[in-house]
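> Give me the fold of what follows.
(one chain, ligands or ions: 2)
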Amino acid sequence: TRSTRPKRLLRAVQKNATRGDPLSVISAIDHFCRHSEWAMNVGDEKGSILDSVVSELNPNTSLELGTYCGYSTVRIARLLPPGARLITLEFNPDYAAVARQVISWAGVQDKVELVEGPSGDLIPQMKERFGVETFDFVFLDHWKDRYLPDTNLLEECGLLRKGAVLLADNVICPGTPEYLAYIRNSPRYESRYFQSHLEYTKVEDGLEKSVFLG
Ligand SMILES: O=C(NCCO)c1cc(-c2ccc(F)cc2)cc(O)c1O
Ligand SMILES: [Mg+2]
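Ligands and ions are numbered 1, 2, ... in the order given. Presented below is the predicted three-dimensional model:
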């Protein structure tokens with residue numbers, strides 16, 4: 001019953017957001033993180049960049065690595081066309097339990113499949129267990145030292161469609177140096193850096209958008 005930050009964030013959503021209204025859930029979390037407690041959601045500034053990438057791509061099948069409390073899950077899911085779906089992977093069961101409730105409060109649960117477990121084990125199961133052919137969009141926001149191994153896994157499992165977009169959070173802070181070096185030097189990707197700030201702060205951070213060329 002010990003109160004944790006994710007549980008306090010969920011309480012703020014249930015108190016301040018309207019059921020079935022994803023935008024009110026997003027702003028309730030941003031308000032909580034700006035005025036009460038910082039939390040590691042992608043946030044409103046980087047979130048707007050995420051929104052523009054998703055809106056332009058209109059992905060049918062998306063993967064999110066690192067759900068946390070479900071903030072970016074809701075940001076992505078609210079923009080998906082009917083029939084499109086988002087699979088989100090979370091290793092931490094306490095985060096997953098809160099995220100399920102945030103996702104339901106926003107009313108986007110029908111577009112989202114939240115799977116608990118290590119991404120390194122779950123990615124090879126995507127085809128036969130989750131009926132995925134290929135992903136159109138991948139949002140990387142989990143453990144920073146898993147970005148590169150999981151990207152290699154996605155490649156090896158043939159899970160990236162030609163033209164698929166990888167969008168990676170925190171490439172500056174906390175930083176993902178090995179991932180950046182790989183993706184920026186690989187002839188199989190076309191990459192672009194979107195400069196921004198660490199959520200709810202003035203610290204520099206940014207998103208790396210990479211198109212898989214096949
Ligand atoms: O670890 C992260 N995510 C995976 C969680 O399972 C993460 C951390 C931070 C962050 C933390 C502490 C600090 F001082 C600066 C940044 C920010 C983020 O956006 C993140 O996604
Ligand atoms: Mg992040």
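> Give me the pLDDT value at whatever residue of the chain ends up closest to ligand 1.
Per CB to the nearest ligand atom, Met40 is where the chain lies closest to ligand 1, at 3.9 Å. All C-beta spots, glycine's among them, are computed from the backbone N, C-alpha and C. Looking at Met40, its pLDDT stands at 98.
> next one: Thr1
Per-residue pLDDT puts Thr1 at 66.
> swap in Arg192?
Reading off the model, Arg192 has pLDDT 98.
> Please work out how many residues are found near the residue of the chain found nearest ligand 2.
Across the chain, no residue is closer to ligand 2 than Asp169, which sits at 3.7 Å (CB to the ion). Per other CB atoms under 10 Å, the neighbour tally for Asp169 reads 32.
> low-confidence ranges in this structure?
1 (pLDDT under 70).
> ok, now which ones touch the closest residue in space to the residue of the chain closest to ligand 1 that isn't next to it in sequence?
Of all residues not flanking Met40 in the chain, Tyr68 sits nearest, at 6.2 Å (CB to CB, 6 or more residues apart in numbering). For Tyr68, the contact set (CB atoms under 8 Å, 6 or more residues apart in numbering) comprises 6, 39-41, 90, 95, 99, 141.
> go with 10 Å
Contact analysis of Tyr68 by CB atoms under 10 Å, 6 or more residues apart in numbering lists 6, 9, 39-42, 88, 90, 92, 95-96, 98-99, 102, 141-142.
> my guess is it is in a strand, correct?
No - Tyr68: not assigned to a strand; according to DSSP: H, G, I helix; E, B strand; the rest coil it is coil.
> Against Asn41, how distant is Leu79?
16 Å (CB to CB, to the nearest Å).
> Show me where this protein has its helices.
Secondary structure of the chain (DSSP state H): helices at 5-16, 22-35, 43-57, 71-77, 93-106, 119-122, 126-130, 147-156, 177-185.
> what's the fourth one packed up against?
Using 3 or more CB pairs under 10 Å, 6 or more residues apart in numbering; DSSP states H and E as the contact criterion, the secondary-structure elements in contact with helix 71-77 are helix 5-16, helix 22-35, helix 43-57, strand 61-65, strand 85-90, helix 93-106, strand 112-116, strand 135-140.
> quick one on the thing from earlier: what's the closest non-adjacent residue to the residue of the chain closest to ligand 2?
In space, and not counting its chain neighbours, Asp169 is closest to Asp141: 4.3 Å by CB to CB, 6+ apart.
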